[in-house]
Each structure stands twice: as C-alpha cells, then as structure tokens.
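In: Provided below are the primary sequence and the corresponding predicted coordinates.
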Amino acid sequence: MERNTLVLAEGKSRMDERALIGDAQADDSGAFATLFEVYYGPITSYLYRMVGDRDTAHDLAQDTFLKAYRVLGRTDAELNFRSWLYRIATNTAISYHRRRQLLRWLPLGPSTPEPSIDLRQAERLGERELIEAALSRIKPSHSSVLLMRHYQGLPVEKIAEVLGVSPNVAKARLFRARKAFAREYEALARGREDRR
Amino acid sequence: MSCERARSLLSEQFERSLNPDELNVLRDHLNTCASCSRFSETLRSGMAGLAALPSIPANPRIRSAVDGVSAGKRGQQPWALRRLLGQSMEVATAVAVLTLVATLMFVVAGGQGRPLQDMLGLKPVTEGSPGTSGPVSVLAPMSASDATPGIGRDVEARDRR
C-alpha cells in the first residue's frame, strides 16, 4: 500500500492516476478511496504545518476530502487532481485562520490555542521549533506557498495552478513569503542567541 | 546591484539555476553587503529546515479503514467517506420517513372516502383549451364552499341570479 502511494505521488504512474480520477468522477467510491489514501498523508501534514495543531489538521483534512468528494463529479475530465486538492486544502486552512481571527475579537468566544511563539520563549527553541515558530508568525497566504514549495516539493507551475495565477505571480508570492519567513526566523534566532 | 534585486535572485535560485553573469553580480554584492549575506544564510537554512520538517503519522484508525476498502471490504469506508455516507443516510432516512407519512395519510384518507388533497385543503384544477393537447391538472387551495359540495354551487347560482 505504501509503495502504491509512492508510485502515484512520484508521478510514475500518471495513467493509473488519470484512470482513478476518471472513475472517481464517475462516482466510484473505491477509486476515490484510493485517491484519498494517496493524498491523505501529504494533505494532512500540509494542513498541520498551516495550522500548527494535529487535531485541527485532521478535521480540516476531513473537510477538504468531503468538499472534494462532493464536487468531483462536476469537474473537468482533464482535472489536475493534486493542484485542485491543494487549492481546497489551502482555502479550508485560510478560512479556518479567518474564523480564528474573528473569534479572538469575540469576548465570549471559545478560547483557541495560540500557536505563535513569543520572542521571549525563543531561547528554549531547537532548530525545528524555530522553523515551526517562524512559520506560525507569518501570514497563512505566505506559509501556504512556502509549505507547498519546500515542504511538499510542488514546482512553481503547480503552485501557480493551485493559486489560480501565472507562474510569474506565484514566483513573486514565493519571494515575498521567503522574505517574511526570513525576517521572523532571523528575529527568533537572534532572540535565542541573545538569551543564551 | 540593489539589495532587493540580490534578494530576488537568492529567492530565484530555488526555482532555477542563475546564469554566470547573475551569479557573478550576486557574489560581488554578497561580499560587500552583510545584511544580504545574512539573508542568504537565513534563507538557505530556513528552506532546508522547512523541507526537513517531519510529516505527521497517519491516524491508525483511518489507515485500517483504508486498508479495509483496498481489501475489498466495502462496509469499511475511509472516515471522510463514512462521514459523507452518514450524512447521505440521514437525508435518505428523512426522505423515507416523509414518504411513509405521506403514504399513511393517503391510505387513511382513502379509507374514509376523502382524497388526500381534501385533507390538505387542495383541489385539482383542470386547465386546458380546445386547442391544447390535453388538460393540465394542478393543485390549488380550496375554498370552504369547495369542501362542501352542493352548498357552494347553490350560492354561486344565487349570486348569478
């Protein structure tokens, strides 16, 4: 099963995946289950890095696949499933961030975990935590492109498809995201060094 | 070369190989600009760190459900599908209950000699003209006089007089 996942993910069996997508579009739940298995791990990990909470990531992944399942029958025969799925996941995560932002303004709203790490806590951070902290301090639209490019390994052309923009615009967004990330990463790293 | 241009090239390096001219100018800039040099290092370690972040392990419950599907056990659907099927089942159940209630009402009403549209206050209206292919029956709300045959017609005849 793991091998099947890898084969499809690496694009060595594009025809198989195309056929699977066609079957899933024709309401074959078995075909959708296979696609679910292939993409569930990467999508959940991507969402986890977007929101910083494991349970939330599982919930958002579930929402992503539900949305995909509902709409798949009405999509083009030439659908790029991976880009399309990442677009749904990205929009789902950004909506989650917006809702959370809104709840912060409501005095009686449920308290939600705050993943962002204060500079004063930076001294205790290891290298991985530093990366995660920097990621949590930038805008979701920035973290999404960085994660797609560097964590999930999507090429710029695919990211452009996910965002519905040209490759040049996607490159420009990546540049802005890298600058934002570097700013936070540097600040956290400096905070860590100062307190040691 | 401006710092912005240098940083843009540093970012571009992740997508393509810079040409020799671009590389030379960038190298010269980094040798003289401490800020961009630091940015270059941060970018390099930061992006490498992002790539090395671990994936989160699959939920075993979900994994076994997926394995069940791949093994041909149709009863075990992946959790996302199961939730969707659960929702579909709720809708199907609601439709089935409504159909059952409507059928029971029809049977009960039929047993007492009153058609269902009587109970709901509706009457069949036949529309059509000699030129049309046939009458079109629609249901329209009934008046009180319609519900008691005879009386209404008498009143209408009296009004006409």
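Out: Ah, there it is.

In: How many neighbouring residues does residue A:74 have?
Out: Neighbours of residue A:74 under the rule other Cβ atoms under 10 Å in any protein chain shown: 7. Where C-beta positions appear, they are placed from N, C-alpha and C, glycine not excepted.

In: Now do the same for it: helix, strand or coil?
Out: At residue A:74 the chain is in coil, as set by DSSP: H, G, I helix; E, B strand; the rest coil.

In: Could you pull up the residues touching residue A:182?
Out: B:39, B:42, B:43, B:46 (Cβ atoms under 8 Å, 6 or more residues apart in numbering or on different chains).

In: What helix or strand is it located in?
Out: Using DSSP states H and E, residue A:182 sits in helix A:167-194.

In: Report the buried residues of that helix.
Out: For helix A:167-194, burial by neighbour count (16 or more other Cβ atoms under 10 Å in any protein chain shown) applies to A:170-171, A:173-182, A:184-186, A:188-189, A:191-192.

In: Distance from stretch A:50-62 to the middle of the chain?
Out: Here stretch A:50-62 is found 10 Å from its chain centre; the criterion is Cα atoms, centre = their mean, to the nearest Å.

In: Return the set of buried residues in it.
Out: For stretch A:50-62, the neighbour count (16+ other Cβ under 10 Å) marks A:50, A:51, A:52, A:53, A:56, A:57, A:58, A:60, A:61, A:62 as buried.

In: Now for residue B:44, how many residues are close by?
Out: Neighbour count of residue B:44, defined by other Cβ under 10 Å: 14.

In: do the one 5 residues further on as well
Out: The criterion is other Cβ under 10 Å. On that basis, residue B:49 has 20 neighbouring residues.

In: Grab the nearest non-local neighbour of it.
Out: In this structure, residue B:49 finds its nearest non-sequential neighbour in residue A:131, 3.9 Å apart by Cβ to Cβ, 6 or more residues apart in numbering or on different chains.

In: Next, the one you found: secondary structure please.
Out: What three-state DSSP gives for residue A:131 is helix.

In: Helices of chain A, start to end?
Out: With helices called from DSSP state H, chain A shows them at A:2-9, A:14-25, A:29-51, A:54-72, A:81-105, A:127-136, A:140-146, A:156-163, A:167-194.

In: which helices and strands does the shortest one pack with?
Out: In this structure, helix A:140-146 packs against helix A:29-51, helix A:81-105, helix A:127-136, helix A:167-194, with contacts taken as 3 or more Cβ pairs under 8 Å, 6 or more residues apart in numbering or on different chains; DSSP states H and E.

In: unless I'm mixing things up, residue A:23 is touching residue A:29, no?
Out: No. Using Cβ atoms under 8 Å, residue A:23 makes no contact with residue A:29, being 9.5 Å away.

In: Could you identify the most distant pair in the buried residues of stretch A:50-62?
Out: Within these, A:52 and A:62 form the most distant pair, 17.5 Å apart (Cβ to Cβ).

In: Tell me the spacing between residue A:141 and residue A:62.
Out: Applying Cβ to Cβ, to the nearest Å, the value for residue A:141 to residue A:62 is 23 Å.

In: List the buried residues of stretch A:60-71.
Out: By neighbour count with 16+ other Cβ under 10 Å, stretch A:60-71 contains the buried residues A:60, A:61, A:62, A:63, A:64, A:65, A:66, A:67, A:68, A:69.

In: Perfect, that will be all.
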